[in-house]
Every structure is written in structure tokens, then in C-alpha cells.
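Participant: The following block contains a protein sequence and its predicted model.
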Amino acid sequence: WLTMRACEPARFRLPRLHSGSPRFIPVSPGRRIIGPPIHSNMPERHPRTVFIFDYLVVDAMLASHALTTLLRNLDECRYRPVVILNRACELQTALQTAGVVTYVLPHGGGHFITKLWQYGSFVYKAVRLARLSQPALFYANNALAGRDAMLTKVFFNVPVAVMLRNIGMFPRGRRFLFRANRFLVHTKHSTEGILPPRVADKSRAVSGCLDMSGFPKRSAAHRASARRSLGVPDDALIVAMIGRLTPQKGQRFFIQAANKVCAGRRNALFMHAGKIPGHASDKLTGSICDEYELELLQLSQDLVRQRRFLWFDYMDDVEKFWAAADVAVLASAGPEAFGLVILEAMACGLPVVATRSGGPAVVVTPDVGILVPMADADALAEAIEALLGDPARRAALGANGRRRVEDQYSPAAFAEVIMTEFDAQAGAEGRM
């Protein structure tokens with residue numbers, strides 16, 4: 001076993017308080033609580049510690065962006081986060097740079113004996129950390145992280161809240177996970193697609209959020225700059241999509257619609273970011289489906305040859321990608337829990353064409369975009385063509401979409417809802 005000292009972050013120490021129970025106290029003055037002076041006759045109040053578990057299969061997981069947004073908006077007077085990751089990654093570096101207590105307890109890979117050893121080590125270290133810091137509750141940032149939280153709960157019994165971000169992506173041992181105290185979902189479609197009725201009453205719908213600071217208001221100058229950086233023509237009408245290359249994301253229907261639209265409109269250009277089919281990705285963003293990627297290459301080869309369909313790899317700067325476009329598309333051919341890319345596109349002032357695939361139907365209303373049936377390239381092409389041919393409608397829908405994100409999907413509101421859930425769970429267990 002590795003000693004705990006080996007995995008403790010350098011910028012934090014573990015002093016013992018007069019009560020005898022050790023707590024995590026940050027060394028950095030920037031993490032001190034600012035408020036009125038505490039007099040000797042006033043009881044000192046400390047923020048409650050919450051363990052936040054996150055399980056990353058690959059570096060490029062949108063759930064990680066949501067976690068950093070949540071942490072930036074947590075009230076430090078109420079909660080002190082301690083993040084536990086399953087692997088070293090860019091998220092770890094970002095959190096430590098921001099002054100968040102972060103531990104990496106590797107587990108989840110290799111053959112059976114390796115996994116058994118890793119999970120045994122993980123539980124031992126996670127429980128030891130919990131006994132040192134005495135958290136009020138555990139929060140899991142996705143279903144896989146929920147498994148880790150529940151394993152730790154076996155030996156350190158505190159409430160567990162699990163954020164469910166996908167549909168049909170549960171790990172093994174789902175019955176064990178169903179014993180969590182609370183489930184948070186982005187839309188009711190997550191509950192219907194994952195949780196059985198017997199545990200659905202433990203769920204609450206919590207809208208996603210988007211930090212608008214990285215999405216400037218749409219302008220002609222910004223659009224032209226984004227197009228230059230991507231190497232696309234300034235006079236083209238661009239239809240864009242972002243997603244992992246899997247059949248569930250519906251790229252085949254996006255390409256089929258592109259062929260139909262480009263056949264009747266000479267200045268139309270389609271582009272997709274996430275991975276280039278048949279090429280190694282700079283950042284692995286999911287399982288590789290060679291047959292599907294070959295199909296996408298064949299479907300798009302004529303348009304690619306004419307430079308009317310462009311493939312881009314995974315992009316950290318999605319704002320630049322969306323800023324260069326005129327219409328955003330979510331062509332999902334399978335159920336979606338929410339669709340963060342929709343919020344990103346709306347934040348950039350784009351009208352959205354999305355399929356009726358569950359969560360997107362909640363976000364994309366007639367005042368911000370168009371909904372079409374799943375797996376219907378003709379309907380998708382018709383909706384895209386309707387927007388490309390009506391600049392005034394594009395502008396109106398895009399402006400409405402940006403206002404919707406600003407009003408309904410703010411990080412501060414999202415964090416407040418999450419902290420309210422934390423309060424309720426900690427209070428129910430008498431850990432306030």
C-alpha cells in the first residue's frame with residue numbers, strides 16, 4: 001500500500017484541531033473564508049466537507065467541464081470540496097491550479113487481478129481520507145463515479161448523491177448503485193431511461209449549466225476571425241455539428257442531409273468536430289468504431305473532395321468552432337439525456353436543428369430552433385434548408401437562444417440547486 005503522505009497534494013496540510021478530529025485546511029490565503037471577525041464568545045463555524053468523486057474514461061469528457069463550473073460557483077462558506085479522481089489527467093492539473101483539494105486514486109483498468117488490487121487500494125485510501133476529513137456527504141459526478149462513492153460508503157456511511165448524465169450507460173452493479181440516497185438528472189428522460197420506478201422517486205431534475213464567460217456575443221468581426229482560424233471561406237453558409245463518432249450521435253444522417261442540401265445550394269458548407277474518421281485522435285474521446293468510421297468516410301467522400309464537408313478533431317475551444325457557423329445541428333439517432341453542445345451553440349447565437357431524442361426536446365423549443373424526427377435525413381435537410389434560406393429567422397432564433405442560456409442555465413443557479421440538495425441530504429443524516 002502507498003502511504004497517504006505520498007498522495008497528499010503539496011499545497012495542503014492536515015493539522016489537528018483542538019477537538020482532536022483532523023480536517024483539510026488549505027495553506028493558500030486565497031482559500032480563507034472572508035467574513036465578519038469571529039469573537040471569542042461566538043462559536044466558530046466551518047464549511048462542511050463534501051467528497052466529489054469523478055471517474056474519467058478519457059480526458060475529453062464533458063462531465064469534467066461541468067464539474068469545474070460547479071466548483072467555481074460553490075459557496076466556500078458552506079462547502080469545502082475534496083475531489084477524488086480515478087486517473088491523472090488535465091482536470092487534475094486544472095483543479096489543483098485553482099486551489100481545489102484533489103487526490104488521484106488510480107483504479108479501473110487492466111485484467112481481473114489488477115482491477116481487484118486497484119479497487120481494494122482505492123477503497124482503503126478513500127475511506128482513510130474520509131476518516132481524516134469527516135465529509136458530510138459524497139457527490140458523484142457521473143454514474144461510474146457513483147460506484148466509487150457507494151463502495152466508500154460501505155465503510156464510511158454518509159449520504160450519496162449521484163449525477164446521471166447519460167441514458168443507458170450504467171456500470172456493472174447497477175443494483176448496488178440504486179441504493180444511493182439521491183439521483184440528480186438533467187431531464188425526466190434520464191430518469192425514464194435509467195432508473196426503475198422503485199427508485200425514480202429518489203431523483204430530481206436539475207437543469208444543466210454553461211459558463212457564458214467564454215462565449216462572447218455574436219458579431220460579424222468575431223465570426224470572420226473564427227472562420228479564418230479554421231480555414232473556412234467567409235462567404236459560405238456553414239452548418240456545424242459536434243459529437244463522438246458513434247451511431248447513436250447520428251453522423252450518418254448529418255452527412256446524408258449535407259448531400260441533399262449541397263445538391264441545391266452552392267455556398268453551403270458542413271463541418272463536424274469530435275474526431276476525424278480513420279485517423280488517430282489527439283485526444284481519445286471514446287471507443288473506436290472502425291466500421292462506422294469507414295461508413296462515414298464513404299458517405300462524405302464526395303463532399304470532402306469538393307471541400308464542402310470538413311472533419312475536425314476534438315476541439316477544446318468549441319466557442320471558436322460554433323462562432324464560425326450559421327446553423328448548429330444535433331442529429332442524434334438515439335436517446336440523449338440533455339445535450340450540452342446545444343447550450344454551447346445557443347450561447348454563440350446560433351439557431352439549432354435537433355432531433356426529438358429526449359433531453360434536446362426540452363431545450364430546443366420553437367423560439368430557438370427546429371425539432372425533427374430521429375434517423376430522418378430528409379426532415380433534417382428540410383429544416384437546415386429552411387434556416388439557411390431565411391437570415392432574419394436565423395438571427396431571431398439565435399438571439400432568443402443566447403438569452404435562454406443566460407436566463408435559465410446560469411452556473412450560479414445550478415450550483416445553488418446542488419448545494420440545496422447537499423443541505424437536504426446532510427440535514428437528513430444529522431450532519432449539518
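Facilitator: Cool, the structure landed.

Participant: shaky segments in the stretch 201-350 of the chain?
Facilitator: Along the stretch 201-350 of the chain, the parts satisfying pLDDT under 70 run over 281-289.

Participant: Repeat the analysis, applying 80 as the threshold.
Facilitator: Within the stretch 201-350 of the chain, the set of residues satisfying pLDDT under 80 comprises 280-289.

Participant: outside of the helix or strand in which Glu416 is found, which residues touch it?
Facilitator: Per DSSP states H and E: Glu416 is located in helix 411-428. By Cβ atoms under 8 Å, 6 or more residues apart in numbering, the surrounding residues in contact with helix 411-428 are 48, 50, 69-70, 72-75, 78-79, 136-137, 139, 159, 161, 181-182, 184, 204, 206-211, 432. Any C-beta I mention is one placed from the backbone N, CA and C, and that applies to glycine too.

Participant: With stretch 384-392 instead?
Facilitator: Contacts of stretch 384-392 (Cβ under 8 Å, 6+ apart): 237, 239, 257, 261, 264-265, 268, 326-327, 329, 351, 353, 370, 393-394, 397.

Participant: Pick out whichever of those sits closest to Asp376.
Facilitator: Nearest to Asp376 among these: Ala257, at 9.1 Å, using Cβ to Cβ.

Participant: Just checking the distance from the helix or strand hosting the closest one to the centre of its chain.
Facilitator: According to DSSP H and E, Ala257 maps onto helix 251-264. Helix 251-264 has its C-alpha centroid displaced from the chain centroid by 28 Å (Cα atoms, centre = their mean, to the nearest Å).

Participant: residues in contact with whichever helix or strand Glu291 is part of?
Facilitator: Per DSSP H and E, Glu291 falls inside helix 290-305. With Cβ under 8 Å, 6+ apart as the test, helix 290-305 has contacts from 245-247, 251-252, 255-256, 258-259, 262, 270, 277-278, 309-311.

Participant: 7 Å instead?
Facilitator: By Cβ atoms under 7 Å, 6 or more residues apart in numbering, the surrounding residues in contact with helix 290-305 are 245-247, 251-252, 255-256, 258-259, 262, 270, 277-278, 309.

Participant: just the buried members of those residues?
Facilitator: For those, a burial check counting by 16 or more other Cβ atoms under 10 Å picks out 245-247, 251-252, 255-256, 258-259, 262, 270, 277, 309.

Participant: now those as JSON lines including distance to Gly231?
Facilitator: Output for these, formatted as JSON lines (distance: Cβ to Cβ, whole Å):
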{"residue": "Leu245", "distance to Gly231": "21"}
{"residue": "Thr246", "distance to Gly231": "27"}
{"residue": "Pro247", "distance to Gly231": "29"}
{"residue": "Gln251", "distance to Gly231": "21"}
{"residue": "Arg252", "distance to Gly231": "25"}
{"residue": "Ile255", "distance to Gly231": "20"}
{"residue": "Gln256", "distance to Gly231": "25"}
{"residue": "Ala258", "distance to Gly231": "18"}
{"residue": "Asn259", "distance to Gly231": "22"}
{"residue": "Cys262", "distance to Gly231": "19"}
{"residue": "Phe270", "distance to Gly231": "15"}
{"residue": "Pro277", "distance to Gly231": "19"}
{"residue": "Phe309", "distance to Gly231": "14"}
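
Participant: from those residues, which two are the most distant?
Facilitator: Across those (Cβ to Cβ), the longest gap, 24.1 Å, separates Thr246 and Cys262.

Participant: follow-up on the earlier one: now the angle between helix 290-305 and the following helix or strand past the helix holding Ala257, please.
Facilitator: Of the helices and strands lying after helix 251-264 in sequence (DSSP H and E), the nearest is strand 268-274. With axes from the mean of the first three to the mean of the last three Cα atoms, to 10 degrees defining the directions, strand 268-274 sits at 150 degrees from helix 290-305.

Participant: chain center to strand 268-274, what's the gap?
Facilitator: 22 Å.

Participant: Same question for stretch 412-424.
Facilitator: 17 Å.

Participant: tell me the mean pLDDT over that stretch?
Facilitator: Averaged over stretch 412-424, pLDDT sits at 95.

Participant: hey, where'd the strands end up in the stretch 51-200 of the chain?
Facilitator: 79-85, 101-104, 137-140, 160-164, 182-185 (DSSP state E, counting those that start in this stretch).

Participant: okay, these, which one's buried deepest?
Facilitator: strand 137-140 (a mean of 28; mean count of other Cβ atoms under 10 Å).

Participant: Summarise which helices and strands that strand is packed against.
Facilitator: strand 48-54, helix 143-153, strand 160-164, helix 411-428 (3 or more Cβ pairs under 7 Å, 6 or more residues apart in numbering; DSSP states H and E).
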